[in-house]
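**Student:** Take this sequence and fold it.
(2 chains)
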Amino acid sequence: MGQANPVENLSFETALEELETIVRSLESGQAPLEDSIKAYERGTLLKDHCAKKLREAQAKIEKIAVAKDGSITTQPLDPEE
Amino acid sequence: MIPPMNEPNPIRSNVPEFSVSDLAFSLKRTLEENYSRVRVRGELSRVSIPASGHMYSSLKDDQAVIDAVCWKGSLSKLSIRPEEGLEVICTGRITTYPARSNYQLVIETMELAGEGALLKMLEERKKKLAAEGLFAPERKKPLPFLPDHIGVVTSPTGAVIRDILHRLNDRFPRRVTVWPVMVQGEGAEIQITAAIDGFNTLPESQRPDVLIVARGGGSLEDLMPFNAESVVHAAANSQIPLISAVGHETDTTLIDYAADLRAPTPTGAAEMAVPVRLNLIAQISDNEKRLFSSLNRLLSENRHRLEALSAKLGDPAHLLEIQTQRLDRITEKMSGLFGKYLARKENALTHHGAALRPPKHLISEGNQRLTRWSETLETTAKKNVHQQKVRLESLSGMLELLSFENVLQRGFVVIENKDGKPVTNPDSLTQGQQITLRFKEKKTRTATINGTENQGSLF
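**Tutor:** Predicted coordinates for the structure are as follows:
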């Protein structure tokens, strides 16, 4: 709690870890009420951020093609071919 | 065919006669035509690589020895490094050198003979690479928990890439870039090395967050490219965390030691690379529920505590009662004191009041004095007026007696100037001045002054 780090910049893993820390701390019920409400708000932001990262599940399969001059391009790959 | 040379020949004359050169060159032809491609198994001995870059050696077994040479061009392409005592299978051709008439094997390819020999060589290479520090635990990089982009170094066709992509798709579909390589045979290690290095040098937007180097199962020889020193170096130097997945679970290749993580199979590598999306969704949703319910519980606990405390706090009226009582007592005490104070003041007042005469008395007294004095004033005034009247009358009589009218009665005349003022000083009269002569009974005559000083003639 108390991190000023904007949630948008967090990696999924960091956001998830922080969310779990917040949940555990809230569940312990040790924090003052005001802090708990702040923690809850941040927890909600973290949850949304994680959920957003989980929605971004798009497969895109490419392969590298190295030209004779050594330049590298990518092209779609159909692995079933 | 060349006739056997050491067989006794009774008919000497029938035997064709060769020059040494003829024979030597004939032998060279025979050998090189018949042994243009041979596979020979033997142990390498007397290996030497002078400055020319060619390798000179011999192949031997327990009964025979054959000289062998590997030209620089072939030497650099060998999949193994020739070492003394190594059991190898060489492919090449036989050549002779007519000037010396000895023959040698020109080695074109060389492979290790037998698994035992191969394993021995790998063990030594592993020791050497370990000594370079390539397998050190502190070199291992953690894998990203949820990579956005996965790079795969493997054959673009076949079961391996399909298995990886399927498993990735089941768990968490991601962007995948495959760097196609040969995974066995000559040149495979060069391609694999180039692919690992290549992924590491891609611009950041195209660079994967994690690499999988994969190959399906195969013989020890098939897996050899993944034991190549260049591949091990590339894997150890990769800045991108790297998972190796070569062969079956029981196969261990040297890249496995250099990789940040070793997967038992290509499918296993996909599992290590990404978490299961559905699990994460469940985990997030579980966290959300816990977050919500814990705050709710916290709120309700606090509400209960508040209620309990307010109950203990009791009816505010009771609090007031006590305070009211206190107030009453104080007021009582105070009014007692005040009463005493008042009584004291009252006493003082009565005392002083007694000394004070009622204004009515003062007024009637004043009135009496006023009446008395008015009466006195009246009588005195009357007396005074009478006295004055008497005096006035006497004075009037006197005045009558003294009036100039009476004088005029007696024949006196008053001379008045034109302003009606009596002229008492003859010096004020001038020649020709008009004057009025006043006689008795208000009779007057006018006259003009004639004559001068002292000898004035009236009229």
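
**Student:** mind checking the SS state of residue B:111?
**Tutor:** strand (DSSP: H, G, I helix; E, B strand; the rest coil).

**Student:** per-residue confidence at it?
**Tutor:** Looking at residue B:111, its pLDDT reads 85.

**Student:** Is it in contact with residue B:87, as I believe?
**Tutor:** No: counting by Cβ atoms under 8 Å, residue B:111 does not reach residue B:87; the two are 10.2 Å apart. Just so you know, the C-beta spots here come from the backbone N, C-alpha and C atoms, and that holds for glycine as well.

**Student:** Name the spans of chain A whose pLDDT lies under the cut-off.
**Tutor:** Residues of chain A that meet the criterion pLDDT under 70 lie in A:1-4, A:79-81.

**Student:** remind me, longest helix of chain A?
**Tutor:** When chain A is parsed with DSSP state H, its longest helix is helix A:33-55.

**Student:** Which elements pack onto that one?
**Tutor:** On a contact count with 3 or more Cβ pairs under 8 Å, 6 or more residues apart in numbering or on different chains; DSSP states H and E, helix A:33-55 meets helix A:12-28, helix B:277-313.

**Student:** okay, stretch B:57-65 in CSV with CA atoms only?
**Tutor:** Extracted in CSV, the C-alpha atoms of stretch B:57-65 (Å, rounded to 0.1, in the frame of the first residue of the first chain):
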residue,chain,number,x,y,z
SER,B,57,47.2,-38.1,-38.2
SER,B,58,46.8,-41.8,-38.5
LEU,B,59,44.0,-44.2,-38.0
LYS,B,60,44.8,-47.4,-36.2
ASP,B,61,43.2,-50.4,-34.7
ASP,B,62,44.9,-53.2,-32.8
GLN,B,63,46.6,-54.6,-35.9
ALA,B,64,47.0,-51.9,-38.5
VAL,B,65,47.7,-48.2,-39.1
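
**Student:** Name the residues that touch that stretch?
**Tutor:** For stretch B:57-65, contacts defined as Cβ atoms under 8 Å, 6 or more residues apart in numbering or on different chains pick out B:40-48, B:66-70, B:82, B:88, B:90, B:105.

**Student:** Tell me the pLDDT of the spatially closest residue to residue B:143 that is not a sequence neighbour.
**Tutor:** In this structure, residue B:143 finds its nearest non-sequential neighbour in residue B:241, 4.9 Å apart by Cβ to Cβ, 6 or more residues apart in numbering or on different chains. Listed pLDDT for residue B:241 reads 97.

**Student:** wait, residue B:241 sits on residue B:272?
**Tutor:** No: the pair formed by residue B:241 and residue B:272 falls short of the contact definition of Cβ under 8 Å, at 10.1 Å.

**Student:** what sits in contact with each of these two?
**Tutor:** Residues touching both residue B:241 and residue B:272 by Cβ under 8 Å, 6+ apart: B:143, B:261.

**Student:** tell me which parts of the stretch 201-350 of chain B are close to chain A?
**Tutor:** Taking Cβ under 8 Å from any Cβ of the partner chain as the test, the list of the stretch 201-350 of chain B residues beside chain A reads B:202, B:206, B:277, B:280-281, B:283-284, B:287-288, B:290-292, B:294-295, B:297-299, B:301-302.

**Student:** is the following helix or strand past the longest helix of chain A anywhere near chain B?
**Tutor:** Per DSSP states H and E, the first helix or strand lying C-terminal to helix A:33-55 is strand A:60-66. Yes: against chain B, strand A:60-66 shows contacts by Cβ under 8 Å from any Cβ at A:60, A:61, A:62, A:63, A:64, A:66.

**Student:** before we move on, the earlier item: most tightly packed of the helices and strands packed on helix A:33-55?
**Tutor:** helix A:12-28 (a mean of 19; mean count of other Cβ atoms under 10 Å in any protein chain shown).

**Student:** Next, the angle helix B:277-313 makes with it.
**Tutor:** 30 degrees (axes from the mean of the first three to the mean of the last three Cα atoms, to 10 degrees).

**Student:** In the longest helix of chain A, which of the residues would be classed as buried?
**Tutor:** A:36, A:39-40, A:42-47, A:49-50, A:53-54 (16 or more other Cβ atoms under 10 Å in any protein chain shown).

**Student:** Next up, the contacts around the closest residue to chain A within the stretch 201-350 of chain B.
**Tutor:** The stretch 201-350 of chain B approaches chain A most closely through residue B:294 (4.0 Å), counting by Cβ to the nearest Cβ. By Cβ under 8 Å, 6+ apart, residue B:294 lies in contact with A:23, A:26, A:27, A:29.

**Student:** so which of the residues you listed comes closest to residue B:52?
**Tutor:** residue A:23 (72.1 Å; Cβ to Cβ).

**Student:** and the residue lying closest to the closest one once chain neighbours are set aside, how far is that from residue A:16?
**Tutor:** What sits nearest to residue A:23 in space, not counting adjacent residues and going by Cβ to Cβ, 6+ apart, is residue B:290, at 4.7 Å. Counting by Cβ to Cβ, to the nearest Å, the separation of residue B:290 from residue A:16 is 13 Å.

**Student:** any low-confidence regions in chain B?
**Tutor:** B:1-13, B:451-459.

**Student:** If we use 50, what do you get?
**Tutor:** For chain B, the stretches flagged by pLDDT under 50 are B:459.

**Student:** quick check, residue B:378 in a helix?
**Tutor:** Yes: Residue B:378 forms part of a helix when assessed by three-state DSSP.

**Student:** count of residues packed around it?
**Tutor:** Using other Cβ atoms under 10 Å in any protein chain shown, residue B:378 is surrounded by 10 other residues.

**Student:** Check residue B:340 too.
**Tutor:** Residue B:340 has 10 nearby residues by other Cβ under 10 Å.

**Student:** So it versus residue B:353, what's the distance?
**Tutor:** On the measure of Cβ to Cβ, residue B:340 and residue B:353 end up 20 Å apart.

**Student:** Ok, residue B:139 next?
**Tutor:** Taken as Cβ to Cβ, the span from residue B:139 to residue B:353 is 115 Å.

**Student:** With neighbour numbers in mind, choose between these two.
**Tutor:** More neighbours surround residue B:139 than the other of residue B:139 and residue B:353, with 12 against 9 (other Cβ under 10 Å).

**Student:** Which residue, neighbours along the chain excluded, lies closest to that one?
**Tutor:** Nearest non-adjacent residue to residue B:139, counting by Cβ to Cβ, 6+ apart: residue B:236, 6.4 Å away.

**Student:** just residue B:213 next, same as before
**Tutor:** Closest to residue B:213 by Cβ to Cβ, 6+ apart is residue B:153, at 4.5 Å.

**Student:** pretty sure the one you found is in a strand, no?
**Tutor:** Yes: counting by three-state DSSP, residue B:153 is part of a strand.

**Student:** now it: how far from residue B:417?
**Tutor:** Taking Cβ to Cβ as the measure, residue B:153 falls 162 Å from residue B:417.

**Student:** So if I had to pick from the two, which one is more boxed in?
**Tutor:** Neighbour count, other Cβ under 10 Å: between residue B:153 and residue B:417, residue B:153 has more, with 29 against 14.

**Student:** burial measure for residue B:449, as a count.
**Tutor:** Residue B:449: 19 neighbours (other Cβ under 10 Å).

**Student:** So it is in contact with residue B:436, correct?
**Tutor:** No: using Cβ under 8 Å, residue B:449 is not in contact with residue B:436; the gap is 12.0 Å.

**Student:** Per the annotation, how does chain B divide into domains?
**Tutor:** Listed by automatic domain parsing, the domain ranges of chain B are B:20-113, B:136-275, B:286-320, B:408-457.

**Student:** Can you tell me which of those domains is most buried?
**Tutor:** domain B:136-275 (a mean of 20).

**Student:** Start and end of it, how far apart?
**Tutor:** 27 Å (Cα to Cα, to the nearest Å).

**Student:** how far does that domain sit from the chain's center?
**Tutor:** 38 Å (Cα atoms, centre = their mean, to the nearest Å).

**Student:** And for stretch B:294-308?
**Tutor:** The chain centroid and the centroid of stretch B:294-308 are separated by 33 Å under Cα atoms, centre = their mean.
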